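Visitor: the sequence isn't on hand, but the structure is:
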């Protein structure tokens with residue numbers, strides 16, 4: 001979404017900006033599939049590092065950025081008032 005604003009500011013093609021928005025929407029939708037119950041406290045929701053679509057998941061973090069821990073800093077996860085907080 002930030003790329004869309006940058007492209008618009010630079011006067012780049014609307015097609016590229018539209019592709020950036022479409023990709024941002026796809027990433028946001030994909031992150032919804034990574035929300036899983038914490039293995040330590042089922043009442044908490046965390047982001048899994050990897051999910052396979054069949055119920056299996058890997059719970060860890062990568063030290064590189066962007067990583068799961070950096071998603072709130074990068075404003076890549078929703079944080080609207082009233083939303084359940086995601087514990088990383």
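Guide: Structure's in. What do you need? This structure is a prediction, so every number in the text was calculated from the model and none was measured. Numbers count the residues shown, from 1 in each chain.
Visitor: pLDDT of the longest helix anywhere in the chain, averaged?
Guide: Criterion DSSP state H: the longest helix present in the chain is helix 14-32. The average pLDDT within helix 14-32 is 82.
Visitor: the helix or strand just after it pairs with which strands, and in what direction?
Guide: Of the helices and strands lying after helix 14-32 in sequence (DSSP states H and E), the nearest is strand 35-37. The strands beside strand 35-37 in its sheet (DSSP bridges) come out as strand 45-47 (antiparallel).
Visitor: in the strand it pairs with, which residues are buried?
Guide: Buried residues in strand 45-47, counting neighbours by 16 or more other CB atoms under 10 Å, are found at 46, 47. Every C-beta, even on glycine, is put in place using the N, C-alpha and C of the backbone.
Visitor: and for the chain, the residue most distant from the center?
Guide: Distance from the C-alpha centroid of the chain peaks at residue 11, with 27.2 Å (CA atoms, centre = their mean).
Visitor: would you mark the buried spots in the longest helix of the chain?
Guide: Quick answer for helix 14-32 (16+ other CB under 10 Å): 17, 20, 31.
Visitor: stretch 52-71 now?
Guide: Of the residues in stretch 52-71, those with enough neighbours to count as buried (16+ other CB under 10 Å) are 57, 68, 71.
Visitor: now intersect those residues with the strands, please.
Guide: residue 57 (DSSP state E).
Visitor: how confident was the prediction at residue 84?
Guide: 51.
Visitor: with residue 44 instead?
Guide: 84.
Visitor: likewise for the one 10 residues further on?
Guide: Here the pLDDT value assigned to residue 54 is 87.
Visitor: for residue 33, see how far away it is.
Guide: Here the criterion is CB to CB, to the nearest Å. By it, residue 54 lies 12 Å from residue 33.
Visitor: repeat for residue 74
Guide: 19 Å.
Visitor: one more: residue 63?
Guide: 23 Å.
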